[in-house]
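Asker: with the input below, show me the fold.
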Amino acid sequence: MAETELEEIRRFWEKRYPNIEVTLYANEAGDKYFGRMRGAESTVELTADTIGDLIGQGEAFLRTLR
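Answerer: From the prediction side, this is the model:
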């Protein structure tokens, strides 16, 4: 289920911000979430305990792009 949610989030961000590349995944135990977001001039590594925290970190990065 987490994979489906992460995929939906990735597609949403890439549609809204077509100039970024997003990779999101959970560890095998499903208790940690990771990601990488790349823009033209910057990259951020994401690590979170919940999907909500991962979204918050990603949104904070995206706000720096505007």
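Asker: so where's the protein shaky on pLDDT?
Answerer: 1, 66 (pLDDT under 70).
Asker: name the SS class of the closest residue in space to residue 22 that isn't next to it in sequence, please.
Answerer: The shortest distance from residue 22 to any non-neighbouring residue, by CB to CB, 6 or more residues apart in numbering, is to residue 10 (4.7 Å). Where C-beta positions appear, they are placed from N, C-alpha and C, glycine not excepted. Assigned by DSSP: H, G, I helix; E, B strand; the rest coil, the conformation of residue 10 is helix.
Asker: which neighbouring elements make contact with the helix or strand harbouring residue 44?
Answerer: Assigned by DSSP states H and E, residue 44 falls within strand 43-48. Under the contact criterion of 3 or more CB pairs under 8 Å, 6 or more residues apart in numbering; DSSP states H and E, strand 43-48 touches strand 33-38, helix 51-65.
Asker: tell me the angle of the longest one relative to strand 33-38?
Answerer: In this structure, helix 51-65 runs at an angle of 10 degrees to strand 33-38, with axes from the mean of the first three to the mean of the last three CA atoms, to 10 degrees as the basis.
Asker: run the chain-centre distance for helix 51-65.
Answerer: Remark: helix 51-65 is offset 7 Å from the chain centroid, using CA atoms, centre = their mean, to the nearest Å.
Asker: okay, buried residues for it please.
Answerer: By neighbour count on 16 or more other CB atoms under 10 Å, the buried set for helix 51-65 is 54-55, 57-58, 61-62.
Asker: okay if I get the residues you listed as a markdown table plus distance to residue 39?
Answerer: Below are the buried residues of helix 51-65 laid out as a markdown table (distance: CB to CB, whole Å):
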| residue | distance to residue 39 |
| --- | --- |
| 54 | 17 |
| 55 | 17 |
| 57 | 14 |
| 58 | 12 |
| 61 | 8 |
| 62 | 9 |
